[in-house]
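1. whatever this is, show me its structure:
(one chain, ligands or ions: 1)
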Amino acid sequence: MMRAKIVGTGAGIPKKLLTNADLEKLVETSDQWIRERTGIRERHIVSPGEKFSDLCTHAAVEALKRAKVKAEDLDMILVGTISSDMLFPATSCLVQRNIGATRAAASDISAACVGFLYALHLADGLIQSHKAENILVIGGEILSRYVDWTDRSTCVLFGDGAGAVVLQATRGDHGILGSRMKSNGNYGDFICMPGGGSNAPANDPRTLEDRLPFIRMRGNETFKVAVKAMADVSSELLAEQGFEKEEIRLFIPHQANERIIDAVGERMKFPAERVFKNVDRYGNTSAASIPIALDECVRGGLIKRGDLILMTAFGAGLVWGSVLLRW
Ligand code: ACO
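-> Model prediction:
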């Protein structure tokens, strides 16, 4: 059976740091509140002029180098994001141009914080059905450009970045073993940005007057749904693939909030040392959170050949999902 195996990872992180102390100067908040309620200490955000496609390109070049795969050999580029450079063309096409992936088809996937896992799920399907051999999958976001910097309930949460993996078709036991993606549009208003799309276009002055192109979130309700959804879909995937929780070497949940990560880990009964966290240093980077985490784990030697890795994410849509792989 053909499997999609990750053969290289990379990340593109903006240099600029925004600490909780910096946020204390912007809104009525405190380092203590942010750390206690979210676990976040600092996050990276883009500087003026820095583009989303630049971060993605940086991540892509690193991943290709580590994979020893040439850009010309890519069949497909998928970018999971809700903050592309422009509404169109897709950021994946800009990355294709930047890296010289002349043979690759390219498309963006919109699934908020689950964008990377959705893209991985689709890429796995393309490889299993022999439609592609080498796929670049990127998850990235610069939500700092959509955050309402006067709203303390959201502006303290998000960070910017991009992460990339190169998937290669392989035969054998290593690679993506299974994936499950879900959605429930009934909760679409839990997290949304109502302006900037065709319903309230950016070129209509009323869009900005009504402050529509900003992230809105019902954080508390989202929190409750997120914990159960991520734990349930991860458990379902493990059962479907015939594995026990004890066999998982590393659980990498979406890095939105340390309390959510801990709650999902406890619900799944994973020992704390098997649950990866870096939310303290990046904040919620949405679609970038899992590929950045994966890249850190690989470079930090936390993942060894043969390890079972379980990843899960949750975000606006609402959408959620889980991917299981053997490294
Ligand atoms: N500083 C100080 N006080 C604050 C801040 C802040 N930055 N933000 C909110 N508060 C206050 C609120 O006003 C409220 O005050 P009140 O009790 O006087 O009304 C109090 O703190 C508690 O507010 P809650 O919203 O109930 O706080 P909660 O413990 O739920 O934490 C948070 C909020 C961090 C947003 C949390 O709910 C959360 O992480 N939710 C999930 C977010 C998520 O996972 N999103 C999905 C991905 S995002 C995407 O898809 C793009």
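
2. what's the nearest residue to G10 if we skip its chain neighbours?
-> E62 (2.7 Å; CB to CB, 6 or more residues apart in numbering). Any C-beta I mention is one placed from the backbone N, CA and C, and that applies to glycine too.

3. swap in R3?
-> G175 (3.5 Å).

4. beta partners for that neighbour?
-> Bridge pairing for G175 (DSSP bridges) gives the partners R326.

5. name the nearest residue to L318, sequence neighbours excluded.
-> Nearest to L318 is Y187, by CB to CB, 6+ apart, at 4.3 Å.

6. again with V165
-> Nearest non-adjacent residue to V165, counting by CB to CB, 6+ apart: I6, 4.8 Å away.

7. which helix or which strand is home to the one you found?
-> Element membership for I6 (DSSP states H and E) is strand 2-12.

8. now do D262
-> Counting by DSSP H and E, D262 is found in helix 258-267.

9. for that helix, name the packing helices and strands.
-> In terms of contacts (3 or more CB pairs under 8 Å, 6 or more residues apart in numbering; DSSP states H and E), helix 258-267 is packed against helix 31-38, helix 219-241, strand 250-253, helix 279-282.

10. which of these is buried the deepest?
-> strand 250-253 (a mean of 25; mean count of other CB atoms under 10 Å).

11. which other residues reach it?
-> Outside strand 250-253, the residues that touch it by CB atoms under 8 Å, 6 or more residues apart in numbering are 230, 234, 260-261, 264-265, 268, 270, 274-276, 290, 293-294, 297, 302-303, 307, 309-313.

12. and the closest residue to the ligand within the stretch 101-250 of the chain, how close does it get to D124?
-> The ligand sits closest to G219 of the stretch 101-250 of the chain, with a gap of 2.8 Å, by CB to the nearest ligand atom. Distance of G219 to D124, given as CB to CB, to the nearest Å: 32 Å.

13. also A293?
-> With distances taken as CB to CB, A293 is found 19 Å from D124.

14. more crowded one of those two?
-> Taking neighbours as other CB atoms under 10 Å, A293 and D124 compare with A293 leading, 26 against 23.

15. give the contact list for the closest residue to L143 other than its chain neighbours.
-> Spatially, and ignoring its direct neighbours in sequence, L143 is nearest to F158 (4.3 Å; CB to CB, 6+ apart). If you count contacts by CB under 8 Å, 6+ apart, F158 has them with 43, 141, 143-144, 147, 215, 283-286.

16. repeat that for 6 Å
-> 143, 147, 283-284 (CB atoms under 6 Å, 6 or more residues apart in numbering).

17. determine the three-state secondary structure at the residue sitting nearest the centre point of the chain.
-> By CA atoms, centre = their mean, the chain has its centre lying nearest to A287, at 2.3 Å. Here A287 takes the helix state, with states given by DSSP: H, G, I helix; E, B strand; the rest coil.

18. residues in contact with it?
-> 80-81, 115-116, 139, 141.

19. where does it land on pLDDT?
-> We have a pLDDT of 98 for A287.

20. how many other residues sit next to G300?
-> For G300, using other CB under 10 Å, the count is 10.

21. for D148, same thing?
-> Using other CB under 10 Å, D148 is surrounded by 16 other residues.

22. circling back: which one is the residue nearest to the centre of the chain nearest to, not counting chain neighbours?
-> Closest residue to A287 apart from its sequence neighbours, by CB to CB, 6+ apart: G115 at 3.3 Å.

23. what strand or helix carries the closest residue to E240 other than its chain neighbours?
-> Once flanking residues are discounted, E240 sits nearest to G178: 6.1 Å by CB to CB, 6+ apart. Assigned by DSSP H and E, G178 belongs to strand 175-183.

24. list the pairing partners of the helix or strand just after that strand within its sheet, with orientation.
-> Using DSSP H and E, the next helix or strand after strand 175-183 towards the C-terminus is strand 191-192. Strand 191-192 sits in its sheet next to strand 216-217 (antiparallel), going by DSSP bridges.
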